[in-house]
Each structure stands twice: as structure tokens, then as C-alpha cells.
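>>> Build me a model:
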Amino acid sequence: MLKSKGRVNLGHHMAGLSTIKRFGRFKTLPTLTLLLITLCFSAFAFEDNVARFALVIGNQNYQQAPLKNPINDAESISASLLELGFSVTTVLDSDSTRLKSAVSAFYGNIQQANTSQALAVFYYAGHAIQIEHHNYLVPLDIQFGEKENFDTVLFDLNSLFAEMAKVNNVQNIVILDACRNNPFAVADTAGSRAISVGLAPLKAPFSTLIAYATEPGGVASDGKSKNGIYTKHLLRHIDKKITIEEVFKQVRKGVAKETHNKQIPWEHSSLLREVFINPPRNKNVPDLIAF
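This is a model prediction of the structure:
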């Protein structure tokens, strides 16, 4: 478990600054220099006092319809989150058993950490499908055309939400770069149930933000570069000291511009407070004083 530095109480520093403003100067320059150094170190010691966890999954090498970017996307996101102080679990090319166990273990570890506050990021890049308004992540051992296998292997996103519900005091971010053009949509592989294009809209569970690479029912592009278009823009903004809502707004602007509005990322949120992937410094730090 990662340890985060606590919040800084600036009350006594504020009192000291009031004294500076009132009397205008100190008797000696070293005294003034020492106070300014103390203020700077105190201000920049602040980090959001939240334990940070991430589960990053990239499924790429499907037997049918392999994808180009998910492994690169997952590795890039993992590297960025590690640099930002997250405890990261990365799972690549997972079958059904490994996918389900990774999700269960991830939220189990957060529960065992028993932190007063936590942020959990779940990122998935790979195929996903919608069947009768239910969304499923597609593991690598899917056998399309075998109806029994089809039903038991797919990972229902409701199972993810059920694991989330077991953990208290957690703000959840779910990122689904999984709305790629689905070659399985035309096949009657789910019996009488139709496989639809894109993903269905989801109501975010309590204290959760769900981010899609494109709008419900839409199709996202894999892109021509190392990373998919959506993740490429996410990587550009993920380390900015802005709220998660603002991060995704900037991502949406970038993706919409690059795709000429053919792909519009979309979110649904029930977050209860400001959430930062990269928390800013203490907002209560006073402005520097001119002497």
C-alpha cells in the first residue's frame, strides 16, 4: 500500500504573514529568508491524502479480430499512473478466468488496505459488446459461435460494479476504451439475442465516474499511431492538476477535433467530491508578498 503525505495546516503560516503585512519588515534578512523557505516547503509538501490504486487491462491478440493498440494503451496508462503515485496492477491479454480473478483481487486488496479514503481507477482497452442493453468485456478465450461458451466467458460490467460495492470510502473511475468497431456484431452468436454496435449507456454506481471512448452506441477508432485516439489524448491530460471531469473534457475536445466530430467521448458521473488523478498543491497557500 502506498503512503501519501498528509495535508498541511497553514493556519500558523497565515498568522505569520499577517504579521509581515502589518509591520512591513523583519529585523534581519536571514529571518525573512528562513520564513519564506519554510512556507515554500510546507506549501509544496501537500499531496492529496488519498490512497491510489489502478487496475489496467489490455486485451489485444484475439484469435478472431485482433486489435492494434490495447497492449500499448494499457502499458502507457500503467506507466503514467505509476509515475503519479498509484499502486498499479496491469493485466495483458487475459482470458475469462484471469480477468474475473484480477477484478476480484483488485477490489479485495483495496478493502484489505482499510484506508479512510481511496481512489480506484479501472481502465480497459479491448473488445466489448452490448447484448440487450447489457455491456460485456470480451476476454481472449471467447469462442464465437459456441453459445454456451459465449454466455459463460463474457465479463458482465455489472460484475465489476458488484465488486466496487463491497468497498467503502472509495471514489471509482471506470475508463472503457472499448467501443471499437465490433466484427462480431453481425453474427447471431448469442442465440436469439442481438449484439448491438457500441456500448449501452450505464448509470454510474454510487461515487463512480464512467468514461467511454465514444458516445453510447458509437464506434471508436484504433488510430494509426502507437496508442488509440482516445487513450492518446487521455495520456496528454492525465497528469494535469485539474479535476477528473476537466481531464475528460479536455480529452473530449481533442478527440472530437482529431476525428472531425465522428468520435465524441462521453462520461456519466455520480462522484460526490472533486477527484484528481494528479492532486494540486494546497489551494490555501497565500500569494507571494512584495516587499
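
>>> can we go C-alpha only for contacts and neighbour counts from here?
OK.

>>> And for residue 72, the neighbour number?
18 (other CA atoms under 10 Å).

>>> And for residue 266?
With other CA under 10 Å as criterion, residue 266 counts 17.

>>> Quick check: it vs residue 214, distance?
According to CA to CA, to the nearest Å, residue 266 stands 6 Å off from residue 214.

>>> Also residue 52?
26 Å.

>>> go on, residue 222?
From residue 222 to residue 214 the distance is 12 Å (CA to CA).

>>> Of the two, give the one with the bigger neighbour count.
The neighbour comparison of residue 222 against residue 214 (other CA under 10 Å) goes to residue 214, with 27 against 22.

>>> which ones are touching the more buried one?
Counting by CA atoms under 8 Å, 6 or more residues apart in numbering, residue 214 makes contact with 179, 220, 263, 264, 265, 266.

>>> Could you pull out the helices in the stretch 151-291 of the chain for me?
157-164, 229-237, 244-258 (DSSP state H, counting those that start in this stretch).

>>> In this structure residue 95 contacts residue 139, no?
Yes - the pair residue 95 / residue 139 is scored as a contact, 4.8 Å apart, by CA atoms under 8 Å.

>>> re earlier: output the contacts of residue 214 as a markdown table; include the columns pLDDT.
Output for those, formatted as a markdown table (pLDDT from 0 to 100):
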| residue | pLDDT |
| --- | --- |
| 179 | 67 |
| 220 | 71 |
| 263 | 92 |
| 264 | 92 |
| 265 | 94 |
| 266 | 92 |
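
>>> out of the residues you listed, who's nearest residue 126?
Among those, residue 179 lies closest to residue 126 (CA to CA), at 8.2 Å.

>>> any residues touching stretch 220-235, and which ones?
With CA under 8 Å, 6+ apart, stretch 220-235 has contacts from 67-70, 72-73, 76-77, 80, 177-181, 213-214, 247-248, 251, 254-255, 263, 265.

>>> buried stuff in that stretch?
Neighbour counts over stretch 220-235 (16 or more other CA atoms under 10 Å) mark 220-222, 226-235 as buried.

>>> And for stretch 134-147?
Using 16+ other CA under 10 Å as the test for burial, stretch 134-147 gives 134, 135, 136, 137, 138, 139, 140, 141, 142.

>>> For residue 235, report the pLDDT, please.
As predicted, residue 235 sits at a pLDDT of 98.
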